[in-house]
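Chemist: Got a predicted model here, sequence first, then my questions.
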Amino acid sequence: MNLKVPNEISRREAIKALAGSAVALATSFTAVKSGVLLAAEERETGMHRWAMYIDVSKCYGCMACVAACAAENNVPIGSFRTWVERHIIGDGVVVFVPKQCNHCENPPCVKPCPTGATFKNKDGLVLVDDSLCIGCGACITACPYGARYFNPVKGVADKCTFCNHRINRGLLPACVEACPTGARVFGDLKDPKSPVSKILAKTATQRLKIETGAEPMIFYRDLPEVANR
């Protein structure tokens, strides 16, 4: 009998200790998550609404944008943050259509994320917090544009960020800077004097899969219907 009593006490104490640890762990996770989001809010001004204009008629498929993006963002071999599709229309006319994350106004990828790792910041950028991503792939499945991929090096979902680390320093996204024909134009929709605002004010454009209600923020000129499927 004397041997069983200490065992019972130890068992009860162990259960209490485990329960306390679980609560502490959950509280800690919530605090860390909140801290990450608060820090992100402090960095975001909300003064911008970044967008891109792509003139399909100026793209000839050189892939300079793809190479620049990969070099700038350490994109793993076999993965792409931006890519260029080749389509044949009409009487054998070849058309090249650059694609990437559309940084949607109503991003379908945000809600399915179980940890809040995928979010839209105040400047309209749809981003992934690597510290919260568990690599479940829910956001990858939810994206109607196929713009996300699993990064095997980092073990998280990955995508175009509009090179937020560059635009925060007043630089252009790498893909825009590398384009030799000026097919890509980047700017702030909240600034009527920005290049993209000026173009959109006088140019008829198309957007990809508007029927989804995502409200994509990449605007195309001369987008062929075959590329909008």
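Modeler: Received the coordinates, thanks.
Chemist: alpha carbons only for contacts and neighbour counts from here, please
Modeler: OK.
Chemist: for the nearest residue to Asn164 once chain neighbours are set aside, what are its contacts?
Modeler: Spatial nearest neighbour of Asn164, excluding adjacent residues (CA to CA, 6 or more residues apart in numbering): Pro173 at 7.6 Å. Residues in contact with Pro173 (CA atoms under 8 Å, 6 or more residues apart in numbering) are Phe162, Cys163, Asn164, Arg166, Ile167, Phe186.
Chemist: Buried only: go through those for me.
Modeler: With neighbours counted using 16 or more other CA atoms under 10 Å, these contain these buried positions: Phe162, Cys163, Asn164, Ile167, Phe186.
Chemist: Which members of the residues you listed define the maximum pairwise distance?
Modeler: Within the buried ones among the contacts of Pro173, Asn164 and Phe186 form the most distant pair, 12.1 Å apart (CA to CA).
Chemist: With just CA atoms, put stretch 193-209 into CSV.
Modeler: Below are the C-alpha coordinates for stretch 193-209, written out as CSV (Å, rounded to 0.1, in the frame of the first residue of the first chain):
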residue,chain,number,x,y,z
LYS,A,193,0.9,60.2,-60.7
SER,A,194,2.4,56.7,-60.5
PRO,A,195,3.2,55.1,-63.9
VAL,A,196,0.6,52.3,-63.4
SER,A,197,-2.1,54.7,-62.4
LYS,A,198,-1.5,56.9,-65.5
ILE,A,199,-1.6,53.8,-67.8
LEU,A,200,-4.8,52.4,-66.3
ALA,A,201,-6.5,55.8,-66.6
LYS,A,202,-6.2,55.7,-70.4
THR,A,203,-5.8,52.1,-71.3
ALA,A,204,-8.3,49.3,-71.7
THR,A,205,-7.1,46.3,-69.7
GLN,A,206,-8.1,42.8,-68.7
ARG,A,207,-7.7,40.7,-65.5
LEU,A,208,-7.4,37.0,-65.0
LYS,A,209,-10.5,35.0,-63.8
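Chemist: Can you mark which positions in it are buried?
Modeler: Counting neighbours by 16+ other CA under 10 Å, stretch 193-209 gives Pro195, Val196, Ser197, Leu200, Thr205, Gln206, Arg207, Leu208 as buried.
Chemist: Also stretch 93-101?
Modeler: Val95, Phe96, Val97, Pro98, Lys99, Gln100, Cys101.
Chemist: so what strands line up beside the helix or strand encompassing the second one?
Modeler: Under the criterion DSSP states H and E, the helix or strand holding Phe96 is strand 93-100. Each strand paired with strand 93-100, and its direction, by DSSP bridges: strand 82-89 (antiparallel).
Chemist: which regions of this structure sit below the pLDDT cut-off?
Modeler: Within the chain, the segments meeting pLDDT under 70 span 1-45.
Chemist: any chance you could map the strands in it?
Modeler: If you assign secondary structure with DSSP state E, the strands in the chain sit at 50-55, 82-89, 93-100, 118-120, 126-128, 149-151, 156-158, 184-188, 218-221.
Chemist: Now distance to Cys109 too, for those, in a markdown table please.
Modeler: Supplementary listing: those in a markdown table, determined by distance: least, CA to CA, whole Å:
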| stretch | distance to Cys109 |
| --- | --- |
| strand 50-55 | 18 |
| strand 82-89 | 17 |
| strand 93-100 | 14 |
| strand 118-120 | 7 |
| strand 126-128 | 9 |
| strand 149-151 | 12 |
| strand 156-158 | 11 |
| strand 184-188 | 23 |
| strand 218-221 | 16 |
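Chemist: And those strands: which comes nearest Cys136?
Modeler: Comparing the strands of the chain against Cys136 with CA to CA, the closest turns out to be strand 156-158 (8.1 Å).
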